[in-house]
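Task: produce atomic coordinates for the following.
(chains A, B, C and D)
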Number of protein chains: 4
Amino acid sequence: RNFATVERNCLPSEKYLEAKKKLDAIISSSDSSSVTTETKARSLCEIYSNLELEEKALFLNTLSTEYGLNQDQVIHAAQAVLALREKGSGTLLRAEEKLRLTLQPRYQHIFAVVGRLEKGVKFLVDIRADLMDLIQARSASSTDSEDQTHLRVMSNNIRELLSLWFSVGFLDLERITWQSPCDMLQKISEYEAVHPIRNWTDLKRRVGNYRRCFVFTHASMPREPVVVLHTALTSEISSSIQSIVQRNARLSGEPEPVELSENTHSISTAIFYSITSTQKGLQGVELGNYLIKKVVRELQAEFPNMKNFSSLSPIPGFRDWLLSEIDSFSKTKQKPVLLKREENKLSSLDSKTEPIVTLKHSILQMSDSATWFQNSPNVDVISGILMRLCARYLYIEKRRGLALNPVGQ
Amino acid sequence: RNFATVERNCLPSEKYLEAKKKLDAIISSSDSSSVTTETKARSLCEIYSNLELEEKALFLNTLSTEYGLNQDQVIHAAQAVLALREKGSGTLLRAEEKLRLTLQPRYQHIFAVVGRLEKGVKFLVDIRADLMDLIQARSASSTDSEDQTHLRVMSNNIRELLSLWFSVGFLDLERITWQSPCDMLQKISEYEAVHPIRNWTDLKRRVGNYRRCFVFTHASMPREPVVVLHTALTSEISSSIQSIVQRNARLSGEPEPVELSENTHSISTAIFYSITSTQKGLQGVELGNYLIKKVVRELQAEFPNMKNFSSLSPIPGFRDWLLSEIDSFSKTKQKPVLLKREENKLSSLDSKTEPIVTLKHSILQMSDSATWFQNSPNVDVISGILMRLCARYLYIEKRRGLALNPVGQ
Amino acid sequence: RNFATVERNCLPSEKYLEAKKKLDAIISSSDSSSVTTETKARSLCEIYSNLELEEKALFLNTLSTEYGLNQDQVIHAAQAVLALREKGSGTLLRAEEKLRLTLQPRYQHIFAVVGRLEKGVKFLVDIRADLMDLIQARSASSTDSEDQTHLRVMSNNIRELLSLWFSVGFLDLERITWQSPCDMLQKISEYEAVHPIRNWTDLKRRVGNYRRCFVFTHASMPREPVVVLHTALTSEISSSIQSIVQRNARLSGEPEPVELSENTHSISTAIFYSITSTQKGLQGVELGNYLIKKVVRELQAEFPNMKNFSSLSPIPGFRDWLLSEIDSFSKTKQKPVLLKREENKLSSLDSKTEPIVTLKHSILQMSDSATWFQNSPNVDVISGILMRLCARYLYIEKRRGLALNPVGQ
Amino acid sequence: RNFATVERNCLPSEKYLEAKKKLDAIISSSDSSSVTTETKARSLCEIYSNLELEEKALFLNTLSTEYGLNQDQVIHAAQAVLALREKGSGTLLRAEEKLRLTLQPRYQHIFAVVGRLEKGVKFLVDIRADLMDLIQARSASSTDSEDQTHLRVMSNNIRELLSLWFSVGFLDLERITWQSPCDMLQKISEYEAVHPIRNWTDLKRRVGNYRRCFVFTHASMPREPVVVLHTALTSEISSSIQSIVQRNARLSGEPEPVELSENTHSISTAIFYSITSTQKGLQGVELGNYLIKKVVRELQAEFPNMKNFSSLSPIPGFRDWLLSEIDSFSKTKQKPVLLKREENKLSSLDSKTEPIVTLKHSILQMSDSATWFQNSPNVDVISGILMRLCARYLYIEKRRGLALNPVGQ
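Next comes the predicted model:
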């Protein structure tokens, strides 16, 4: 059961009405830090969590449309700004501050109150995941377009809040080993989608010697890895991820991985062979990139001879998928592959070629075993773009079941 | 030396120009998460910290005026919203989103980048403290009014960011004892302004038996107490703080406080005799209230017989100051004592009396030894208001040297 | 391969001779705390660990016979004591001190030096395990009796040292949960012999709700559980361990145990259903009893309604084994079941009956579901004895494969 | 008040008789691990701690004389050994084991039971300190000689137990900084006798940059430094400790030491300028030496250029004291300065010279700024001896007030 299949016009249950009542009470409360407001917010969260799927959909719809902007106030404030534009800039500034405030949807106030609760941030992450599911479930139907816009605006609103709360300074880097708590290891095993973990022996190997498993955790979600990065350490770049996977396969009959001690000086290459963002509700909040940057610094500190950081080629299916996306865009000019800022960067590398073409050439030039994340400026630009696209491939496309190469699933 | 005395029209030094160059680079960078942008932001922070006071003033002025809103874009977007107001709400919503974005000053982008750096949040706290000093230093001169507005808007902008980052979920409650790290205890000793700590023996007593010292710390400022709350535990409400202070005085000749073990069952009263917010840059970010709420819960869990939580009366000078503020406002209607929402609450208690009069009556009814923070609804409203005003008294007025009663300093 | 099958008269290898050389050097060194002595001791440990089994046997034999007492010195000192017995007690005392020192075998000095090394205590635990294996392997052959005596004396000597080092104050009680480090959980799974753990789901259940798993760890063996105690918490005494085991069996098909939250107030009974001492070399060092005592105190503190602590009956096969041992002793007067001090205690309960008969009656009176560890004085005596015998059953008899009831294995 | 001045023949109080009753109960108890025995031992400790000084003396006397060896058993067992000496060595061995057991005084059993209690090891350390005080107080009077022998034997007996419990593996090395718990820093301040700490600013400096303060702690005495070692880090060997002390003096007016960051590469020398053993009851248990060895290893790991470890000369008064001790012994042959094993070592360096003369020459050759703890074999021997003597100077002689140089006090 998911949002795509639920009844649209359900009759609101008592629980639903209760939730709405809490909503109104919080909105109208003048003191958002009072004990009573907090208590209401806490029970709102609990009620929502226990709603049936159709009522969750109804609730999110209502929240995004009826608790958004006060249009009259916005119009009013916008007119005031226009009227004052010739006045001194101090007066104008104050009018603009007012306008800015009217443009904050009322549900933002709810989210701020919820975010202050214990486990409130996690609740917002989860409600955003629901929102995204709902938006996706309805994206086919064109009749919903206005509702969809409201939902999207609300989803963006939560994302902006979460971006501030999941700022790098609030994320803790943690290395996971066989000495780490069992519940963390179990979660890491379950979240691993790219190269599924078969059993505990396999898991022990992935956090053992010649491997590094790093996670970001966040104060608002104790004992929960937010992003997981698996890394293999070798003396050379593997020609493909298959060799790493197969090595595991070969060993998997053995009761226990051999505890080879690492030869620090022979290690020159780190292969990021799997990255997983575990919270759907944090999509659009840049985390994976930051984790990779931090891990690169950790590994450089640990291994004096570390020279190569490789990620691209081992991800099965990514290269093919990307080339097909590029071709499709080149033909139809639909579904742009590159962001505006990425186009600008590519143009700055080669102003005479179309950005998308520059990208394609770069990919074709890279052999399968090529490394990225090296120091030439071009590589920097290209690898940044490829990493974003790769993340997109892993996070989004694969969920849709569009991944071309079945090995990668 | 402070902002009140610095030269206004200094010639920008090379360092200053360097800072401005970094500013431009960060603003124009398309990728705020790139390593280069971060490096620039880091050196901007370092340069600013080393600027002379007059250049800091100049820099803050420039930042608030030249890196704020793009007025043309605002006007444009406001016009678009007005033009679309009859169209479908989806279209209008998108125009409003655009308008909202144009109303985000460009320096907000800088702050977001800085906030992601290690120690970046602390930098923002410190820059806001500078801003507040600057605003205060210039508040006398009427010619500055437009600059002041820009500075104030920027100060609010930072405050809003900090409010999100210093949300309760990100603050760690810590009890400080004689077993706590020495550097924490030293800081607590230095920050204590209400009842200054004389020596280490005195300090040992304040964290010893029949006392509780709690702090909030924050991930962005390790080893730094953000708010400090000193509490005395007794079997009855002290008639005044003087008895607590004098008891210390009497003992202060002794080499070591006697280690009385606490009689848990006789403890019924907690007196919050000193609360200190250590970061000027966090003024306006509600923290003290949350700390008290958390401590109340801690103490209730620890002491089954805890019934009274007292704070108001022991703060010397507060009652007199507040009554004089009320009278002054009643006469002049200048410098309002109450917030709008507080007036509303007081009206709801007694709709026939002016709110300020209701407040005054309540104060006069309370004997010196009265407790607040009990459960009747009136007390809840009144004590909330008194706590905010008391915080104001301790934080602001006393810094201006306006505290009437010299004992309190 | 074990000590029972190795060649007796092997030609000493170079490694063996090297080990003996270190031995002589340490014995003759005057300063046992010098860096050089420590270095020699460290390499002695390493060499021993790498010896073949026959050479280990040879080494232990040599150590116990050639590095024991200096018989001449002993005789001399004993004569001196006898000669002085009429002299003042001060003189006699000094002679006795001297005699006492001559009665310390020289290998004791080696063990003291080794014990000070990092991991030295663990080495002594392991060498004692070897000793016990060797003694057992040769116990059949009567020709070895003199060698056996030397080995036994040396084994006792190490046990006395270990008893001091594994004193309760040096053992840390740790509760193991699913949040504990994975390597600890893996070891607990592997050590569990009484009711083997099938898989990680099963393991998760045994450290989950309505269960408690406690271990003793020791500073000398980090990350190593020395004794493990599994406890089930119920509202009544299970009629047998089978129901606990079967409950697991029934659930074991499910992917994940249901996370029932514990109803603290309904819990009145703790069933110690499995206790494992993981270090053979610590046999004879009382640990299990202390662990149970500590756990009893922990559980009483956690559960206000805890009334029964049950252990005996659920251990399959124990009752039958014990009754057969008693009968066999009653007939043959060989292989005494009770220690002298236990006989005394039983006599003090009932002076007219033979101690062994008192014990038998007590056992027969206890129904299968009886609890022990309650407060009547008789129960205290009986349960103490039964616990020792039960430990003996679990530790020793089962290793010999003598356990009667196959369920228990 | 101390043992030297107390009444000898006090009438035993009820408390005293109670203590003796517990003693008898523990001795006669057959099961030393039972709950009742433990309870008795716990109350024995408590009663002893509350005895008056004269009764403590009486108690220790009684314990050492009446709870020591059973002379009849000893004589018997010694005769048995002599009778069996021609029999096979197995039989003899068993007789010797028996003899060894009879030579264990009965109070050893008490100490073993106490050592297992929580805080029991600390109690034994304290009771030994009492013993040493008592022995010293009575050392003048010749009439006590027999009692003294009993007390000395008991003191040695406890020392042997403590030596095993304070083995290096059970001691935790901890670096103390300004971030360490305040109670630890306070204790370190109070224990510092060689160069007393004036105030908290002074203390902050001694744990700050260019200094290292290390302690050993022990599981049996949480939050208690057992040995403290203060080290100064410099680029050359200070000509004297005075310069270090004076530097402090000069700065002590300042409110806060300047936080110089350390220049790791310029540091080549560590000067151990003060070592303190805080527990009198651990005298004779080698700890200081082990601490220095561990710290040397720590510093070598931290500072790649560390070459010199200096300690001797800076200890004021030591050189003069030692030379005078040597001369006194050379003349009178009383109060030997060197242990037998030290004499042997010195003879092995230079067999033709008397050991004490070799030592004297070495001292005279060392200039005041000489370093020791370097790698030539001679230096190793000499420095070992000097360290032991230096410890003796600091621990013992100074307590007697014999230190010649008043600066050192």
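
So A:Asp72 lies in a helix, does it not?
Yes: assignment of A:Asp72 by DSSP: H, G, I helix; E, B strand; the rest coil places it within a helix.

Could you count how many residues lie near it?
A:Asp72 is flanked by 10 other residues according to other Cβ atoms under 10 Å in any protein chain shown. From N, CA and C alone the C-beta is placed, and that goes for glycine too.

Could you work out the end-to-end span of stretch A:322-342 for me?
15 Å (Cα to Cα, to the nearest Å).

tell me the mean pLDDT for it?
For stretch A:322-342, the mean pLDDT works out to 84.

Mind listing what's buried along it?
Neighbour-count burial for stretch A:322-342 flags A:Leu322, A:Glu325, A:Ile326, A:Val337, A:Leu338, A:Glu342 (criterion: 16 or more other Cβ atoms under 10 Å in any protein chain shown).

Report all helices and strands that the helix or strand containing A:Ala25 contacts.
According to DSSP states H and E, A:Ala25 maps onto helix A:14-28. Counting by 3 or more Cβ pairs under 8 Å, 6 or more residues apart in numbering or on different chains; DSSP states H and E, the packing neighbours recorded for helix A:14-28 are helix A:35-50, helix A:53-66, helix A:106-116.

before we move on, back to that, tell me which of the buried residues of stretch A:322-342 is nearest to chain C?
If you rank these by distance to chain C using Cβ to the nearest Cβ, A:Leu322 comes first, at 36.2 Å.

Could you report the distance from the closest residue to that closest one other than its chain neighbours to chain D?
Leaving aside its chain neighbours, A:Leu322 sits nearest to A:Leu389 (5.9 Å; criterion: Cβ to Cβ, 6 or more residues apart in numbering or on different chains). Here the criterion is Cβ to the nearest Cβ, to the nearest Å. By it, A:Leu389 lies 44 Å from chain D.

Output the lowest mean pLDDT helix or strand found in chain A.
Across the helices and strands of chain A, mean confidence by mean pLDDT, DSSP states H and E is lowest for helix A:241-251: a mean of 47.

quick one on the thing from earlier: next, the residue nearest to A:Leu322: secondary structure please.
Going by three-state DSSP: A:Leu389 is helix.

From A:Glu325, how far off is it?
8 Å (Cβ to Cβ, to the nearest Å).

joint contacts of these two?
A:Val337 (Cβ atoms under 8 Å, 6 or more residues apart in numbering or on different chains).

those strands in chain A, which residues are they?
A:171-176, A:211-218, A:227-234, A:269-277, A:308-310 (DSSP state E).

Quick check: closest non-adjacent residue to A:Glu18.
A:Ile47 (5.7 Å).

where does the stretch 201-350 of chain A have low pLDDT?
Scanning the stretch 201-350 of chain A for pLDDT under 70 picks out the ranges A:236-260, A:311-317.

Would you tell me which residues of it are close to chain C?
Selection of the stretch 201-350 of chain A residues close to chain C by Cβ under 8 Å from any Cβ of the partner chain yields A:Lys204, A:Arg223.

Who are the contact partners of the one residue in the stretch 151-300 of chain A that gets nearest to chain D?
Using Cβ to the nearest Cβ, the single residue of the stretch 151-300 of chain A nearest to chain D is A:Thr264, 16.5 Å away. Neighbour list for A:Thr264: A:Glu302, A:Phe303, A:Pro304, A:Asn305 [criterion: Cβ under 8 Å, 6+ apart].

likewise A:Leu23?
A:Leu44, A:Leu63, A:Tyr67, A:Ile110.

Give me the neighbour count for the closest residue to A:Ser347 other than its chain neighbours.
Distances taken as Cβ to Cβ, 6+ apart place A:Pro355 nearest to A:Ser347, at 5.6 Å, with adjacent residues excluded. Neighbour count of A:Pro355, defined by other Cβ under 10 Å: 21.

One more: A:Arg42?
Look at A:Arg42: counted by other Cβ under 10 Å, it has 18 neighbours.

Hmm, it is touching A:Leu117, no?
Yes: taking Cβ atoms under 8 Å as the definition, A:Arg42 is a contact partner of A:Leu117 at 5.8 Å.

in the stretch 201-350 of chain A, what residue is nearest chain D?
Counting by Cβ to the nearest Cβ, the stretch 201-350 of chain A gets nearest chain D through A:Pro304, at 14.6 Å.

Select the longest helix from chain A.
helix A:145-165 (DSSP state H).
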